[in-house]
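Enquirer: I would like the atomic coordinates for the input below:
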Amino acid sequence: MAVNLSPVGGVAAQFFNNNGVPLSGGKLFTYSAGTTTPAATYTSSLGVSFHTNPIVLDAAGRVPNSGEIWLTDGVIYKFVLKDSNDVLIATYDNITGINSNFVNFTAQQEIQTATSGQTVFTLTTMQYQPGTNSLTVYVDGVNQYGPGAQYAYVETSSTVVTFASGLHVGASVKFTTTIQTSGNATDAAVVSYTPPFTDSVTTNVEDKLAEVLSVLDFGADPTGATDSTTAIQNAIDAAEGGYGAYAGTGRTVYFPTGVYLCGDLEIKFTGQRLAGESKYGTWLIGKSGAECVIKVGGIDYAYPVGNPLRNTNRRETIIENLTIDYSNIDNDTESAGIRYQSSYGNSLRDVVFECTDERTKSSWALYFGEGCYTTVVESVTAKRIKIYSPTADAPTTLTFIGVDSSYVDIDNALGITFLQPIMQSRVANDYGTYRMKVVNCNSFTAIGGDWEDDNAANYMYYFDNVLGNVVSMGNATSPFQGGYAVYGASGITGKRLLQDDKTRQFEYREGTWTPVLSWSDPGTSTIVAGSRGGTYVKNGNLVTCSFYFDNATFTNGTATGSLNLTGLPFTAATTGTDVWGGTPTLQIGYPTSLQSILVTISTSTATFRKNDGTGGAIVVADVSGSGKFLRGTFTYQCVN
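Expert: Predicted structure coming up:
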């Protein structure tokens, strides 16, 4: 404990009564400044042994034993001296230790505008200590201190100032004071910070630190010893940002390195990002009794009228750089480390899921439920993945890139793609007899990757009622039954490619492309996007394209025909047909009536059609106006 010698009775001091007689048996009480809250003092500079409170003086009126009084560094004290009969002799307030480094003051001011003849001013945002010369008063910019001042005043109370004569109407009256802060660290709001860059702008430390919203700011425990759910949820709820029409969207919540015990965290805002300091350095430990560690979507949030997000369930969240341990959450088929439901446009990357007994668990590392669309999972280790909807609102257009897993269960889904997966089962039959179970799925694609199983009797896939295409081009490095084998392949329709030649090489390329949005016959109509772009992954003759048009303006005119997307990175192998693999849907964010659309491929053009049972063309009236956005992913077969 850092301590400083007290200026009151500090060392070898002797106390007397008002008659000059040594204060035998006198009592010295110590409190926090301005209060009656007892404050500890110490017997020596070691800051270990406490004095009694009160300190009872010896027969000579001196501090007993060591004869010294030491005060906690940075703490302000009040001393009250009484005789042995508790009769008050003196009070000494606002006392700090000698050479204490507590010398910090904070400036305060308040400005008021006088009414005609006003003499009494009541302060509402500050206080001062009357009679200490701590208050300065300016009228119309002139200091009113001392004799001869135009407007003499009286310090009536800590919040009231009274002028001797009335002020003129509109007079600007400024009151200033300084107060000693209550700790030995200055308030961050009054400490300036100048970034070390050319033309940088000075701010203060408080604003600089608030640029990053950390869960530690809300009291989360990085040791994992106590439950941090409330603290983390408070941080998530406070992480509101956005600008203009998108006010009320989310900002980043940062998890410094540590272990955080939590459960059933709910992401509130669209566009929110949860980010750990490092994938293996930041752990979220699911607590007992929780259904999930993190839930995304399925939570109503009333955005204001006029906000493009109003009445939508989109989230567009990002979760990254975390390890999530779901060992202790509820062990049932609905529970998961992260569960997505009724949301789209999400991104999950660089996340590891851990579970001490995952081979016998009913819960999942990662769960995608009903109403999940257009989500990308990249560089994630999740040994148990569930994609399922009990309703017609099936998970759609989910893309998994470089995912390390052991068992994937897909039931009632649409447009599921695995690129370069790592499917491993190191222990015989520990995850069942197949690595992927695909049931009731329209358009399933698995491209490349490594498939390993230590049991030669096991299978890569189990298929049942799979419409569209089943693609496998990976490298099986362990003794699967029949190499690239399929079990239960009844009900598969559409084109199927099962490649069991382990030495055959397929071209793999990835890059960017520039999508162009136009009408078949544009006439006088125009389409201008605030930003646009696209990426692709080509594996063999399969091309998976992603694209976006943000903040687009569709100007009505004389356009006719359908809405087309041109500039595809590779020429299509077939023309006038739906995308290779059936009819996966894309997501159009606005208007809501066109959230699901179909794509027809023709050479280098993708034509959009309504997914309403008619397959009709999208016309000018369907998407006219400003603030539109169109995003999606589709796969087609190209000319090798």
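Enquirer: Relative to Ser157, how far out is Phe629?
Expert: Using C-beta to C-beta, to the nearest Å, Phe629 is found at 60 Å from Ser157. (Glycine included, C-beta is placed from N, CA and C.)
Enquirer: between these two, which one's more packed in?
Expert: A count of neighbours by other C-beta atoms under 10 Å puts Phe629 above the other of Phe629 and Ser157, at 19 against 13.
Enquirer: these two touch, right, the more buried one and Phe549?
Expert: Yes. Between Phe629 and Phe549 a contact is recorded at 6.2 Å, counting by C-beta atoms under 8 Å.
Enquirer: Centroid-nearest residue for this protein?
Expert: Ranked by distance to the mean C-alpha position of the chain (C-alpha atoms, centre = their mean), the top residue is Val253 at 2.5 Å.
Enquirer: What pLDDT is listed against that residue?
Expert: For Val253, the model assigns a pLDDT of 94.
Enquirer: And for Val486?
Expert: Looking at Val486, its pLDDT is 47.
Enquirer: Equivalent analysis for Ser490, please.
Expert: pLDDT recorded at Ser490 is 42.
Enquirer: Leaving out chain neighbours, which residue sits closest to Asp264?
Expert: Counting by C-beta to C-beta, 6 or more residues apart in numbering, Asp264 lies nearest to Ala290, which is 4.9 Å off, once chain neighbours are set aside.
Enquirer: Count the neighbours of the one you found for me.
Expert: 20.
Enquirer: and it, what are its phi and psi?
Expert: Torsion angles at Ala290 (phi, psi; degrees, to the nearest 10) stand at phi -80, psi 150.
Enquirer: Please list all residues in contact with it.
Expert: By C-beta atoms under 8 Å, 6 or more residues apart in numbering, the contact set of Ala290 is Cys262, Gly263, Asp264, Asn328, Ile329, Asp330, Ser335.
Enquirer: Which of these fall within strands?
Expert: Using DSSP state E, the members of these that fall in strands are Cys262.
Enquirer: Quick one, which of the contacts of Ala290 are buried?
Expert: For the contacts of Ala290, a burial check counting by 16 or more other C-beta atoms under 10 Å picks out Cys262, Gly263, Asp264, Asn328, Ile329, Asp330, Ser335.
Enquirer: Could you find the closest non-adjacent residue to Gly10?
Expert: For Gly10, the spatially nearest residue (C-beta to C-beta, 6+ apart) is Ile69, at 5.5 Å.
Enquirer: show me the contacts for the one you found.
Expert: Contacts of Ile69 (C-beta under 8 Å, 6+ apart): 5-6, 8-11, 28, 41-43, 51, 55, 63.
Enquirer: Mind giving me the ChimeraX select for the residues you listed, buried ones only?
Expert: Listed next is the ChimeraX selection for buried residues among the contacts of Ile69, using 16+ other C-beta under 10 Å:
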select :5,6,8,9,10,28,41,42,43,51,55,63
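Enquirer: Stretch 91-101: which residues count as buried?
Expert: Buried residues in stretch 91-101, defined by neighbour count with 16+ other C-beta under 10 Å: Ile95, Thr96, Gly97, Ser100.
Enquirer: I'd like the residues you listed as CSV, with pLDDT and secondary structure appended.
Expert: Shown next, in CSV, are those (pLDDT from 0 to 100; DSSP: H, G, I helix; E, B strand; the rest coil):
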residue, pLDDT, secondary structure
Ile95, 92, strand
Thr96, 90, coil
Gly97, 89, coil
Ser100, 71, coil
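Enquirer: want to try a markdown table for those, with distance to Phe554 as columns?
Expert: Output for the buried residues of stretch 91-101, formatted as a markdown table (distance: C-beta to C-beta, whole Å):
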| residue | distance to Phe554 |
| --- | --- |
| Ile95 | 73 |
| Thr96 | 69 |
| Gly97 | 72 |
| Ser100 | 68 |
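Enquirer: which helix in the chain runs the most residues?
Expert: Using DSSP state H, we find that the single longest helix of the chain is helix 229-238.
Enquirer: Would you indicate which residues of that one are buried?
Expert: Within helix 229-238, the residues that count as buried by 16+ other C-beta under 10 Å are Thr229, Ala231, Ile232, Gln233, Ala235, Ile236.
Enquirer: Show me the strands in the stretch 1-150 of the chain, by range?
Expert: 3-5, 27-32, 41-42, 55-56, 70-72, 77-82, 88-95, 105-113, 118-122, 135-139, 142-143 (DSSP state E, counting those that start in this stretch).
Enquirer: how many neighbours does Arg609 have?
Expert: Neighbourhood size, Arg609 [other C-beta under 10 Å]: 18.
Enquirer: got the buried residues of helix 229-238 as a markdown table, with distance to Phe121 columns?
Expert: Output for those, formatted as a markdown table (distance: C-beta to C-beta, whole Å):
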| residue | distance to Phe121 |
| --- | --- |
| Thr229 | 48 |
| Ala231 | 42 |
| Ile232 | 46 |
| Gln233 | 44 |
| Ala235 | 41 |
| Ile236 | 44 |
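Enquirer: Identify, from those, the entry nearest to Ile285.
Expert: Taking C-beta to C-beta as the measure, Thr229 is the one of these closest to Ile285, at 10.8 Å.
Enquirer: Pretty sure the closest one sits against Ile285.
Expert: No. Counting by C-beta under 8 Å, Thr229 sits too far from Ile285 to count as a contact (10.8 Å).
Enquirer: Pull up the overlap in contacts between the two.
Expert: Common neighbours of Thr229 and Ile285 (criterion: C-beta under 8 Å, 6+ apart): Leu261, Cys262.
Enquirer: which stretches of the stretch 151-300 of the chain have low pLDDT?
Expert: The model of the stretch 151-300 of the chain has pLDDT under 70 over residues 180-187, 190, 242-249, 298-300.
Enquirer: Give me the neighbour count for the residue nearest to Thr91 when sequence neighbours are not counted.
Expert: Of all residues beyond its chain neighbours, the one nearest Thr91 is Val80 (5.2 Å), with distances taken as C-beta to C-beta, 6+ apart. Neighbour count of Val80, defined by other C-beta under 10 Å: 17.
Enquirer: cool, Tyr344 as well?
Expert: Using other C-beta under 10 Å: Tyr344 sits among 24 other residues.
Enquirer: Bridge partners for it, pull those for me.
Expert: Judged by DSSP bridges, the bridge partners of Tyr344 are Tyr373.
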